[in-house]
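K.L.:
Return atomic coordinates for the entry below.
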Amino acid sequence: MTASPNFDPAAWQPEINLKRFTLANGLTLFVLPDHRLPIVSLQIHYKVGSRHELPGITGISHLFEHLMFRGTETLGPEEFSRILQAKGGEINAFTTRDNTSYFENLPAEHLELGLRLEADRLINLKLDDDTFQPELQVVISERKLRSVDSPFGLVEEQLFATAYTQHPYGWPVVGWDQDLHRMTLEDCLSYRRSHYHPGKITVVIAGDVEPERARDLVDQYFGRIPAPAAAPEPKIAEPPQRGERRAVLKKVSQVEALFAGFHVVGLDHPDLYPLNLLAVILSGGKASRFHQDFVRQGKAIALDVELAPLPFSAQDPDLLMIAAVAAPGQSLPELEQELWAAIDQLTQEGVTPAELARAKKLLRSQAVRSLAHNFFRGLLVGLFHLKTGDAQLANRILSSLEAVTADDILRVARTYLREDNRTVVVLKPVTPEESQALGPLQ
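P.N.:
Numbers count the residues shown, from 1 in each chain. Predicted coordinates:
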């Protein structure tokens with residue numbers, strides 16, 4: 001792969017200055033000093049997500065994220081958030097397949113307060129039936145809203161459950177309904193002991209702070225927390241797919257749709273960069289191939305290619321997903337046939353220089369805008385470290401994208417967009433009476 005002679009990635013992506021520390025208890029700290037504004041982004045990344053669960057307790061990582069806001073032995077429910085918001089802070093969290101992350105973007109003068117509160121809920125989290133049962137019901141309702149009641153939530157769940165036969169990416173981050181209903185307080189207590197300790201934590205502090213002061217503060221509040229002996233994380237590999245898999249989901253719907261998934265690569269693989277550009281070429285904006293050939297022609301309401309963006313790409317091989325919604329009066333089988341014909345044409349002819357240049361420009365502009373923020377730079381460093389072990393990959397995003405050639409795009413299209421590597425789930429609309437006869441949606 002060779003870079004364009006008239007673009008210098010270093011001019012667009014100045015190196016993220018990062019300093020790494022490791023505490024005696026195994027906690028990893030990255031400090032990204034930036035003194036332009038008196039603000040910091042404090043991020044606590046736990047190496048625990050739905051991949052670390054087992055059948056029977058799916059969804060427990062996401063549930064635990066909720067429980068972390070339910071108070072400690074000294075703070076009431078949601079008081080953590082209220083204290084920091086009163087100081088001008090922005091507070092939130094998210095759970096993925098590979099990690100659970102908590103963050104506070106706040107004035108630099110309140111960094112110590114943020115660290116003290118984060119350490120307090122790690123050490124003194126209140127976990128009893130009074131906190132567990134109400135939050136469990138919230139998560140059960142959230143699953144119903146996200147998956148059951150959304151137009152395509154169950155279709156996407158079926159796609160991953162069909163595409164992955166052995167890897168835990170086959171179940172949703174929010175968990176299966178039956179697992180949530182039988183979840184117990186003891187399950188959460190056991191999960192906390194296994195995963196919520198310094199050996200599983202990467203702290204990132206990005207913004208107006210000196211590295212040594214940040215290290216001293218983190219050591220003050222987290223350094224004395226014990227961590228169990230490190231246990232090697234098991235390597236999980238989904239076997240290669242040996243032929244197309246198909247499923248049908250019958251559901252009340254106003255439209256016909258299909259979701260297709262192709263096994264690709266994880267965050268540490270260089271093919272991720274041409275795959276991201278390929279997704280933009282196919283469905284990124286109104287000038288993309290699929291919009292022009294399908295949506296604009298009235299054949300589809302939507303035809304989107306989806307691949308989790310950096311640094312949210314999965315640790316292990318992910319799915320590149322195509323979601324096609326047929327236009328009213330249009331045949332879904334005909335749309336599918338034309339879709340595969342378009343993919344075949346791509347794998348035969350490749351992409352044009354203009355298409356590749358446009359995709360690079362779009363991803364470059366998105367990256368440059370995001371890199372202006374402490375929060376995003378912190379996410380890059382924390383999640384690259386957590387998922388690949390190499391935080392410096394955060395400094396090579398634009399150069400890696402710029403080095404992609406049209407031949408690289410053609411190669412990854414031929415490698416991954418194969419029929420034998422494809423899983424398809426068709427949404428077939430049914431009447432409410434037919435849906436009821438099939439049993440409850442869960």
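K.L.:
Hmm, residue 284 is touching residue 359, no?
P.N.:
Yes - in this structure, residue 284 is within contact of residue 359 by C-beta atoms under 8 Å, at 6.5 Å. (Glycine included, C-beta is placed from N, CA and C.)
K.L.:
Compare those two and say which one has the larger neighbour count.
P.N.:
residue 359 (26 against 23; other C-beta atoms under 10 Å).
K.L.:
Mind telling me what element that one is part of?
P.N.:
helix 353-371 (DSSP states H and E).
K.L.:
Enumerate every residue touching the closest residue to residue 168 other than its chain neighbours.
P.N.:
Spatial nearest neighbour of residue 168, chain neighbours left out: residue 51 (4.6 Å); criterion: C-beta to C-beta, 6 or more residues apart in numbering. Listed by C-beta atoms under 8 Å, 6 or more residues apart in numbering, the contact partners of residue 51 are 97, 98, 167, 168, 169, 236, 315, 316.
K.L.:
To what extent is the third one buried, counted in neighbours?
P.N.:
It refers to residue 167. Neighbour tally, residue 167, other C-beta under 10 Å: 19.
K.L.:
can you tell me how far it sits from residue 36?
P.N.:
42 Å (C-beta to C-beta, to the nearest Å).
K.L.:
Please apply the same query to the last one.
P.N.:
Using C-beta to C-beta, we find residue 316 at a distance of 37 Å from residue 36.
K.L.:
The two: which has the busier surroundings?
P.N.:
residue 316 (20 against 9).
K.L.:
Now do the SS call for that one.
P.N.:
Under DSSP: H, G, I helix; E, B strand; the rest coil, residue 316 falls in the coil class.
K.L.:
Then residue 64?
P.N.:
helix.
K.L.:
Quick check: closest non-adjacent residue to residue 375.
P.N.:
residue 41 (4.4 Å).
K.L.:
circling back to that earlier point, check what contacts the helix holding residue 359 and list those residues.
P.N.:
Contacts of helix 353-371 (C-beta under 8 Å, 6+ apart): 12-13, 16, 276-278, 280-281, 284-285, 287, 289, 376-377, 380, 397-398, 401-402, 404-406, 409.
K.L.:
tell me the contacts of the nearest residue to residue 110 once chain neighbours are set aside?
P.N.:
In this structure, residue 110 finds its nearest non-sequential neighbour in residue 87, 4.7 Å apart by C-beta to C-beta, 6+ apart. Contacts for residue 87 (C-beta under 8 Å, 6+ apart) come out as 106, 107, 110, 113.
K.L.:
As a markdown table, those with secondary structure, neighbour count and pLDDT would be great.
P.N.:
Listed next are those as a markdown table, based on DSSP: H, G, I helix; E, B strand; the rest coil; neighbours: other C-beta atoms under 10 Å; pLDDT from 0 to 100:
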| residue | secondary structure | neighbour count | pLDDT |
| --- | --- | --- | --- |
| 106 | strand | 22 | 97 |
| 107 | strand | 17 | 98 |
| 110 | helix | 21 | 98 |
| 113 | helix | 17 | 98 |
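K.L.:
how about those residues in CSV, adding distance to residue 386?
P.N.:
Compiled in CSV, the contacts of residue 87 are given as follows (distance: C-beta to C-beta, whole Å):
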residue, distance to residue 386
106, 22
107, 26
110, 25
113, 25
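K.L.:
With respect to residue 332, which of those is nearest?
P.N.:
residue 106 (49.3 Å; C-beta to C-beta).
K.L.:
and the closest one, bridged to which residues?
P.N.:
residue 40 (DSSP bridges).
K.L.:
ok, now how distant is it from residue 91?
P.N.:
8 Å.
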